[in-house]
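> need a 3D model of the following:
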Amino acid sequence: MICLLVFVFSNINGQQKSWYAGKSQVNITPKEGDYTLSGFRRDSETSLGVLDSLYAKILYLEFADKNLAIVTVDLVESFGDLATSFLKKEVLKRTGVEHIIVNASHTHSSPEILEHYPNNEVPKWEKAIIIEISKAIEKAKSNKRKALINAGKGYANVGHNRRKVNEDGSVTMIWSNPERFPTSPVDSIVTVLRVDDSKTMKPMVILGNYACHAVVFGEKNYKLSADFPGYVAKHVEQEIGDDVMFMFLQGAAGDIDPFLTNRQTLKEGLEHCKEIGEVLGTEIVKVSKNIKPSENFVPSLQVEEKTISVPSRFPPEKLIAMYKEQYKRQFGEEIDPSKININTGPTYGIPITTALINGEIALMTMPAEPFVEFQIDWRNRLPVKHTFFLGYTNGYVGYIPTIRAAAEGGYGANDATVWVNFGVGEMLVDKAVIDIYRFLGKF
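Here you go, the predicted model:
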């Protein structure tokens, strides 16, 4: 079953319309004691404070009589169905904005977020930040100004593919790669969107799309942190100046880790986060400065939203049993049943969004941890200049491996972290590619 909503806006009644854009950000760092830490199994799930603050950043886009809010959050995942519904209602009530994309950086040093909570009660801290995000979207809309939008791309190598397929067909997981030996596949392309104030011709917002797990800080870190994406943001904003806001868009990072992951000391983690911040941030700054804001195109926005029902990979009882077994094998003890954070299906409603901006910038989303090949495939199959692939967006349905990876096995490919059936990722990319070709008038 597919629920479909389509919007196409450009040159209405023969009159050329303009882009309007606004920005805002809000500190979403919760108070101590209101949450448990996510991402890793730690000796204690209680936070010991804040290493660096967590933020939600908002880019509000308006074209003709329609609008879109792109939200990035320094969280392990975007909100579950219940919390997302609450967010959309709050935003609609405050602003009239109907279309929201929430992309999580996937930092593993952030509060735990569940798809489903006991008694359907979203925690107070999560409700509080949702209200703050809705206020920030309202602020971004009220600060809108006439804008220009363009994009570019560069290259950075800060991570590795953590799955090694051996000659005998077995899979070895490479959780850290200090020697930085080559692995494959890896997507070294960073795609950059630049939104300019058309009056000053200076950037208001810069967005960088790259695929890499935010897991530099590991199980020995008990403080909240945005991990390396926060350091990328600091570098870009300091180098560009002029009150620019940087937003990190996490890509298809399901099988991609930083070279140095799960650092055992705070000093090691800080050093590697700063290194990635400088390497990736420097490339984003270079690309951004080479993007020329232009009025020599016909502005347009085409957006399609779908919710696609897909089957589960395993029956619910088997998935839970696999999860318990996997936990015991990894940690040598039984898991507390209340800590089993999986959605057992038997079907999943997967929300995806595809968009085409100015006829040359394509975007698609997945509410999951997609393997990086999907991002590469999406780009290679499109006849447009620039592509953005957003994983960890508008929900979470576990890992989405390729069909080949599912057959090979390994973590995130054919275990209890995989909730949806094999072939779902390929099907979602196919549908998004068809959308873009239809937007381009090919169908």
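> which regions of the stretch 201-350 of the chain sit below the pLDDT cut-off?
294-297 (pLDDT under 70).
> run through the residues that contact residue 166.
Residue 166 makes contacts with residue 172, as judged by Cβ atoms under 8 Å, 6 or more residues apart in numbering. Backbone N, C-alpha and C define where each C-beta goes, glycine included.
> for it, grab phi and psi.
The phi/psi pair for residue 166 (degrees, to the nearest 10) reads phi -80, psi 170.
> ok but residue 434 is inside a helix, no?
Yes - under DSSP: H, G, I helix; E, B strand; the rest coil, residue 434 sits within a helix.
> leaving aside the residues adjacent along the chain, what's closest to it?
Closest residue to residue 434 apart from its sequence neighbours, by Cβ to Cβ, 6 or more residues apart in numbering: residue 443 at 7.2 Å.
> could you report the pLDDT at the one you found?
Residue 443 carries a pLDDT value of 90.
> residue 41 too?
pLDDT, read off for residue 41, is 63.
> next SSE after the longest helix along the chain?
Longest helix of the chain, by residue count under DSSP state H: helix 266-290. Per DSSP states H and E, helix 266-290 leads on to strand 301-311 as the next helix or strand towards the C-terminus.
> for that following strand, C-alpha coordinates in CSV please.
Taking C-alpha atoms only, strand 301-311 is exported to CSV below (Å, rounded to 0.1, in the frame of the first residue of the first chain):
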residue,chain,number,x,y,z
LEU,A,301,10.2,22.9,-6.2
GLN,A,302,8.7,19.4,-6.8
VAL,A,303,8.1,17.2,-3.7
GLU,A,304,6.6,13.8,-3.3
GLU,A,305,5.8,12.1,0.0
LYS,A,306,5.0,8.4,0.3
THR,A,307,4.3,6.0,3.1
ILE,A,308,5.1,2.5,1.8
SER,A,309,4.0,-0.7,3.6
VAL,A,310,6.7,-3.3,3.5
PRO,A,311,7.0,-6.8,5.2
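> ok but residue 94 is inside a helix, no?
Yes - assessed with three-state DSSP, residue 94 lies in a helix.
> starting at the chain centroid, how far to stretch 60-67?
Averaging C-alpha positions (Cα atoms, centre = their mean, to the nearest Å) puts stretch 60-67 22 Å from its chain's average.
> so residue 340 touches residue 319, yeah?
No - taking contacts as Cβ atoms under 8 Å, residue 340 lies outside contact range of residue 319: 9.7 Å.
> looking at these two, which is more packed in?
Neighbours per residue (other Cβ atoms under 10 Å) separate residue 340 from residue 319, with residue 319 holding more: 24 against 14.
> isn't there a strand covering that one?
No - under three-state DSSP, residue 319 sits outside any strand and is assigned helix.
> pretty sure it contacts residue 415?
No - if you go by Cβ under 8 Å, residue 319 and residue 415 don't touch, sitting 9.7 Å apart.
> not counting its neighbours along the chain, what's nearest residue 278?
residue 235 (5.9 Å).
> just say helix, strand or coil for that neighbour.
When classified by three-state DSSP, residue 235 comes out as helix.
> tell me how many other residues surround it.
So residue 235, with other Cβ under 10 Å, has 21 neighbours.
> the one 4 residues further on now?
Residues near residue 239, counting by other Cβ under 10 Å, number 17.
> isn't there a helix covering it?
Yes - using three-state DSSP, the assignment for residue 239 is a helix.
> that one against residue 285, yeah?
Yes - the criterion here is Cβ under 8 Å, and residue 239 meets it with residue 285 at 4.6 Å.
> ok, and the closest non-adjacent residue to residue 437?
Excluding its sequence neighbours, the residue lying closest to residue 437 (Cβ to Cβ, 6+ apart) is residue 443, at 5.7 Å.
> count of neighbours near that neighbour?
8.
> how near is it to residue 259?
Relative to residue 259, residue 443 is positioned 42 Å away (Cβ to Cβ, to the nearest Å).
> again, but for residue 192
For residue 192, the distance to residue 259 - Cβ to Cβ - is 22 Å.
> between these two, which one's more packed in?
Higher neighbour count among residue 192 and residue 259: residue 192, with 27 against 20, using other Cβ under 10 Å.
> how about the secondary structure of that one?
strand.
> these two touch, right, it and residue 289?
No - with contact defined as Cβ under 8 Å, residue 192 does not count as touching residue 289 (10.0 Å).
> where do the strands sit along the stretch 1-150 of the chain?
For the stretch 1-150 of the chain, the strands defined by DSSP state E, counting those that start in this stretch cover 2-9, 19-27, 55-63, 66-73, 100-104, 145-155.
> nearest to residue 348 among those would be which one?
strand 2-9 (13.3 Å; Cβ to Cβ).
> give the contact list for the residue nearest to residue 354 when sequence neighbours are not counted.
Leaving aside its sequence neighbours, residue 354 sits nearest to residue 435 (Cβ to Cβ, 6+ apart; 4.1 Å). Residues counted as contacts of residue 435 (Cβ under 8 Å, 6+ apart) are 304, 354, 364.
> now tabulate these in CSV and tack on neighbour count and distance to residue 132.
Formatted as CSV, those follow (neighbours: other Cβ atoms under 10 Å; distance: Cβ to Cβ, whole Å):
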residue, neighbour count, distance to residue 132
304, 22, 29
354, 24, 29
364, 26, 28
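> just give me the neighbour total for residue 164.
Residues near residue 164, counting by other Cβ under 10 Å: 15.
> for it, which residues make a bridge with it?
Note on residue 164: beta-bridge partners by DSSP bridges are residue 172.
> my guess is it meets residue 171, correct?
Yes - here residue 164 reaches residue 171: they are 6.8 Å apart, a contact under Cβ under 8 Å.
> fine, thanks again, bye for now.
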